[in-house]
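>>> Build me a model:
(3 chains)
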Amino acid sequence: MDYLEFLFAGFAVFWAGLFVYLLWLQARLRTVQRELQRLEERLAESEREEAKEDEAP
Amino acid sequence: MSARTQPADAASRGTAARLVLAALRPVVAVYGARWTLLPPLTGAAMLAMLVGAVIVAPREAIEGEVQRIFYIHVPSAIAAYLCFSVVFAASVALLWTRNLRFDAVARAAAGVGVLFTALTLATGAIWGKPIWGVWWAWDARLTTTLVLLLIYSGYLLARSLSDRGDVQAARYAAVFAIIGFIDIPIINLSVHWWRTLHPDPIVTRLPGDMALPTSMLVVLMLGMAAIMLLALWLMALRSEVEQIGVRGDDLRGEIDRREAQRSGAG
Amino acid sequence: MNATTAVLLKDLRLLWRQRSGWLSAATFAAISVLTYSFALDLATGEVKPLLPGVLWVTFLFAGIIASGRSFAAEAEQGTLDALLVAPAPRSAIYGAKLISNLIALLLIEVAVLVMATILFNTALLSAELIAIMVLGTLGYVSLTTLLSTLGSRVRSREVLIPVLALPLLTPLLIAAVRATGGALDLPTGGEAWLPLLAVFTAWSALGSVLLFPFVAEQ
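Residues are numbered from 1 along each chain as shown, chains lettered A, B, ... in the order given. Okay, here's the model as predicted:
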């Protein structure tokens, strides 16, 4: 009458769903942060080059 | 979070704004500390909920041990409604202020809400199989939850098919989210009327109808608190992801613009 | 002539000029009823209880196919931008679209009712049924007209509009099917389906008129 396997399955699905989502979110956060850093470096670099070109002539 | 940028027409409005800001100061302080506060608090509360649901709460007399699913099922459903209210509020704020930051918040909350709706349906089906004998029945509450899942999945689909920085698409999605949220009571009523045609004697024995003993109620409240914290943390995390993504798009546009300018000049 | 009537006349002219598009929706509705009649006849001898469902599913799909096109031409030819800077109020632009969509769909639905009368051997052209049909159609057309303003920049909008519209239309589908069943002397459970249908229609019309200015902003 207790259906322990169903209880276990319910909790397993719940926790697994949460952990998968959390891990996926963390992975995406890391990806976008790295991407943002890369873009910021590129922007700074292009600003430096622009300044150099302005000085040259 | 962000004050409206329209010029204040009277001094009284300035005073009112200052009062509101003062009242919001503790909220802002908590919001600023969200990355140090939320993860440990959520983790501790979730652990306490697990212990409470599995060990502390007494065995239910009629349904047996499987009734313990109730302590994660009901808070998940309420967390989903919390998320959808956030989607609604953020959508209204987006239309009001035209600040795309609210679009990121709405998208984040819709994603987390869909997760909790799916978890509610999954845990409900797993509880329903031994107790009702079927995984799924077209009961009023089940149908409403499924329709909610469809509405907000549609919202996420609509938003993911257009660019993150597309203001028009964001406004469109916000209007859809507002219509969808206001639709919920009507959906609820119609589905309820429709299903009372075939009353299922077992369905009426839903956990909501019984008077809970105190120990069960305490565990349920603990679960509510834990899952609300979890929902807030997940929403904060996801909107951080969305906002960094928007900033990345802006930077990419800026770099493209500069390069086009330089190649045009050179 | 003021701007509101001008916009309405423009939409009615557009309705006539795009008649091939509407005819394809009508053809779809006809084929759909024909296929239902054929397939259900294979499965069961008693088709009358299934009729309200068949009718409303056909109406909804035909309506969504048709409404999906209503702003498509405007968006492609860029007339929507011109329309939005015109002195007509936003609600007039929305209302004119709504009325022209409503006219086209009611014509399609009457044709479907005539066809279903013949195929399903049931008298369907009663005043009560027509009233339910008009009320329900106004309810779903006001929502699908709002949703079809989806910008042309969004990919696969043809798929997206039904995915967005149908879940929102759950109450309408339930109330309309039950009310139609009542008009055909089928058991309905005795709830106030017609008032519910009216409430949904009023809600969707009001909500759409109020929210349209927000989606149709440049």
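
>>> Any stretches of chain C with poor pLDDT?
Within chain C, the stretches with pLDDT under 70 are C:1, C:151-155, C:218.

>>> Kindly recompute the last result at 80.
Applying pLDDT under 80 to chain C picks out residues C:1-4, C:18, C:20-21, C:42-45, C:67-88, C:150-158, C:188-191, C:216-218.

>>> Kindly report the same for chain A.
Low-confidence regions of chain A, defined by pLDDT under 80, span residues A:1-2, A:50, A:53-57.

>>> Return the residues of it in contact with chain B.
A:1-4, A:6-7, A:9-11, A:13-14, A:17-18, A:21-22, A:25-26, A:28-29, A:32-33, A:35-36, A:39-40, A:42-43, A:46-47, A:50, A:53 (C-beta under 8 Å from any C-beta of the partner chain). The C-beta positions use only the backbone N, C-alpha and C, and glycine is treated the same way.

>>> How about the residues of chain C by chain B?
Residues of chain C found near chain B (C-beta under 8 Å from any C-beta) are C:143, C:146-147, C:149-151, C:153-156, C:160, C:163-164, C:166-168, C:170-171, C:174-175, C:178, C:189, C:191, C:193, C:196, C:199-200, C:203-204, C:207-208, C:211, C:214-215, C:217-218.

>>> For my notes, confirm B:P58 occurs in a strand.
No - under DSSP: H, G, I helix; E, B strand; the rest coil, B:P58 sits outside any strand and is assigned coil.

>>> The residue nearest to it when sequence neighbours are not counted: how many residues sit nearby?
Nearest-residue entry for B:P58: B:S215, 5.8 Å, with adjacent residues in sequence omitted and distances by C-beta to C-beta, 6 or more residues apart in numbering or on different chains. Residues near B:S215, counting by other C-beta atoms under 10 Å in any protein chain shown, number 12.

>>> B:S215 sits in which helix or strand?
B:S215 is part of helix B:214-265 when elements are defined by DSSP states H and E.

>>> What average pLDDT does that helix get?
The pLDDT scores in helix B:214-265 average 89.

>>> For it, what is the distance to the chain centroid?
13 Å (C-alpha atoms, centre = their mean, to the nearest Å).

>>> ok, of the residues of chain A next to chain B, which come out buried?
Neighbour-count burial (16 or more other C-beta atoms under 10 Å in any protein chain shown) applied to the residues of chain A next to chain B gives A:3, A:6-7, A:9-11, A:13-14, A:17-18, A:21, A:25, A:28-29, A:32, A:35-36, A:39, A:42.

>>> now the helices for chain A?
Counting by DSSP state H, chain A has helices at residues A:4-55.

>>> same check, this time on chain C
C:3-17, C:19-43, C:51-68, C:72-77, C:79-85, C:90-120, C:127-147, C:157-168, C:170-183, C:193-215.

>>> Reformat those as JSON lines; add mean neighbour count.
Formatted as JSON lines, those follow (neighbours: other C-beta atoms under 10 Å in any protein chain shown):
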{"stretch": "helix C:3-17", "mean neighbour count": "15"}
{"stretch": "helix C:19-43", "mean neighbour count": "15"}
{"stretch": "helix C:51-68", "mean neighbour count": "22"}
{"stretch": "helix C:72-77", "mean neighbour count": "15"}
{"stretch": "helix C:79-85", "mean neighbour count": "14"}
{"stretch": "helix C:90-120", "mean neighbour count": "19"}
{"stretch": "helix C:127-147", "mean neighbour count": "22"}
{"stretch": "helix C:157-168", "mean neighbour count": "20"}
{"stretch": "helix C:170-183", "mean neighbour count": "24"}
{"stretch": "helix C:193-215", "mean neighbour count": "20"}
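
>>> Out of these, the one nearest B:A16 is which?
helix C:193-215 (25.9 Å; C-beta to C-beta).

>>> Does anything pack onto the closest one? Which helices or strands?
helix B:167-195, helix C:90-120, helix C:127-147, helix C:170-183 (3 or more C-beta pairs under 8 Å, 6 or more residues apart in numbering or on different chains; DSSP states H and E).

>>> Tell me which other helices or strands the longest one touches.
Pointing back at helix C:90-120 there. helix C:3-17, helix C:19-43, helix C:51-68, helix C:79-85, helix C:127-147, helix C:193-215.

>>> Around chain C, which positions in the stretch 1-150 of chain B sit nearby?
So far as C-beta under 8 Å from any C-beta goes, the stretch 1-150 of chain B lies against chain C at B:L95, B:T143, B:V147, B:L150.

>>> Kindly recompute the last result at 6 Å.
B:L95, B:V147, B:L150 (C-beta under 6 Å from any C-beta of the partner chain).

>>> what's the first-to-last distance across stretch C:176-193?
This stretch, stretch C:176-193, spans 7 Å end to end (C-alpha to C-alpha, to the nearest Å).

>>> how distant is that stretch from the center of its chain?
The answer for stretch C:176-193 is 20 Å, by C-alpha atoms, centre = their mean.

>>> same thing with stretch B:70-89?
With C-alpha atoms, centre = their mean, you get 6 Å for stretch B:70-89.

>>> What are the buried residues along it?
Buried-residue list, stretch B:70-89, by 16+ other C-beta under 10 Å: B:70-84, B:86-89.

>>> of those residues, list those near chain A.
Among those, chain A is touched by B:I72 when using C-beta under 6 Å from any C-beta.

>>> among the buried residues of stretch B:70-89, which are in helices?
Those of the buried residues of stretch B:70-89 mapping onto helices are B:70-84, B:86-89, per DSSP H.

>>> Quickly find the element holding the closest residue to B:L146 other than its chain neighbours.
Distances taken as C-beta to C-beta, 6+ apart place B:L121 nearest to B:L146, at 6.8 Å, with adjacent residues excluded. Taking DSSP H and E as the criterion, B:L121 maps to helix B:101-132.

>>> ok, the closest residue in space to B:G113 that isn't next to it in sequence - contacts?
Leaving aside its chain neighbours, B:G113 sits nearest to B:C83 (3.1 Å; criterion: C-beta to C-beta, 6+ apart). B:C83 is in contact with B:A109, B:V112, B:G113, B:A231, counting by C-beta atoms under 6 Å, 6 or more residues apart in numbering or on different chains.

>>> and what of C:L173?
C:W56.

>>> Might you report the residue contacts of C:L147?
C:I161, C:L164, C:A165.

>>> Could you export the residues you listed as a markdown table, including distance to C:E74?
Formatted as a markdown table, the contacts of C:L147 follow (distance: C-beta to C-beta, whole Å):
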| residue | distance to C:E74 |
| --- | --- |
| C:I161 | 15 |
| C:L164 | 19 |
| C:A165 | 19 |
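
>>> Can you tell me which of those residues lies closest to B:A174?
Distances from B:A174 to those, taken by C-beta to C-beta, are shortest for C:L164, at 13.0 Å.

>>> And C:Y140, how close does it get to C:L168?
The gap separating C:Y140 from C:L168 is 9 Å, by C-beta to C-beta, to the nearest Å.

>>> Equivalent analysis for C:V85, please.
Distance, C:V85 to C:L168, by C-beta to C-beta: 30 Å.

>>> Then B:V112?
21 Å.

>>> Without its sequence neighbours, what residue ends up closest to the residue in the stretch 1-150 of chain B that chain C sits nearest to?
With C-beta to the nearest C-beta as the measure, B:L150 is the residue of the stretch 1-150 of chain B nearest to chain C, at 4.0 Å. In space, and not counting its chain neighbours, B:L150 is closest to C:P167: 4.0 Å by C-beta to C-beta, 6+ apart.
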